[in-house]
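J.: what would the 3D arrangement of this be:
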Amino acid sequence: MKVIFLDIDGVIATPTSVRLNYLLGRGPDRQRFDTVSLTYLRRLVAATGAIVVLTSTWREDMQTGDPYVNAIMDNLFAQLEDAGAPVSSLTPIIQTADRSAEIGAWLDEHPCEAYVIFDDLARFADRPEVVEGHLVLIADSEGIRHHHYQQALQILEH
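T.: Numbering: from 1, shown residues only. As a prediction, the model looks like this:
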């Protein structure tokens with residue numbers, strides 16, 4: 001099994017897509033994500049057979065039970081599915097740890113042959129060994145672009 005650990009903000013929700021949603025009057029429950037990022041994500045899933053695991057703080061909102069928040073998450077999941085990159089799983093939420101510990105905990109339960117981490121922030125101090133050689137750091141102003149796709153492809157196919 002190959003895995004793509006996916007953050008949302010700065011990775012598929014870019015400043016450009018956020019501004020466009022605002023200008024078009026789309027609320028968070030109807031927002032569209034960066035089409036270029038989704039295209040490269042779809043290509044990566046198709047080329048490698050990887051599954052998508054959500055690491056974003058967005059998953060924390062799922063615990064609220066708020067209908068509006070549920071609509072936002074339903075929109076996210078539907079768009080990723082429509083893009084050919086459906087969410088297969090979520091990393092656990094560990095309140096006292098950073099994202100590397102959450103990814104590490106997921107990997108402890110789900111061994112895989114290769115994985116890549118798409119994130120716009122380097123928040124991985126707890127378990128740096130989980131991240132080393134697997135992180136594709138994306139500038140939050142850009143989203144997933146061709147060079148990120150190539151780097152991720154190389155990591156997953158290595």
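
J.: starting at the chain centroid, how far to the helix or strand hosting Val36?
T.: Using DSSP states H and E, Val36 sits in helix 35-48. Distance of helix 35-48 from the chain centroid (Cα atoms, centre = their mean, to the nearest Å) equals 12 Å.

J.: average pLDDT for the helix or strand just after that helix, rounded please.
T.: Next helix or strand after helix 35-48 toward the C-terminus (DSSP H and E): strand 51-54. Per-residue pLDDT values over strand 51-54 give a mean of 98.

J.: mind exporting stretch 22-32 as CSV, just the C-alpha atoms?
T.: The C-alpha coordinates for stretch 22-32 follow below in CSV (Å, rounded to 0.1, in the frame of the first residue of the first chain):
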residue,chain,number,x,y,z
TYR,A,22,-15.1,34.7,-2.0
LEU,A,23,-15.7,36.6,-5.3
LEU,A,24,-18.2,34.0,-6.5
GLY,A,25,-20.0,34.1,-3.1
ARG,A,26,-19.4,30.4,-2.3
GLY,A,27,-19.5,29.7,1.4
PRO,A,28,-17.1,27.2,3.0
ASP,A,29,-19.8,24.5,2.5
ARG,A,30,-19.7,25.1,-1.3
GLN,A,31,-16.1,26.1,-1.8
ARG,A,32,-14.0,24.8,-4.6
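
J.: by contact count, what packs against the helix holding Val36?
T.: Packing partners of helix 35-48 (3 or more Cβ pairs under 8 Å, 6 or more residues apart in numbering; DSSP states H and E): strand 2-6, strand 51-54, helix 67-82, helix 146-157. Yep, even glycine has a C-beta here, placed from its N, CA and C like the rest.

J.: try 6 Å
T.: helix 146-157 (3 or more Cβ pairs under 6 Å, 6 or more residues apart in numbering; DSSP states H and E).

J.: quick one: buried residues of the helix it packs on?
T.: In terms of neighbour count (16 or more other Cβ atoms under 10 Å), helix 146-157 has its buried residues at 148-149, 151-153, 155-156.

J.: contacting residues for Lys2?
T.: 48, 50, 114, 156 (Cβ atoms under 6 Å, 6 or more residues apart in numbering).
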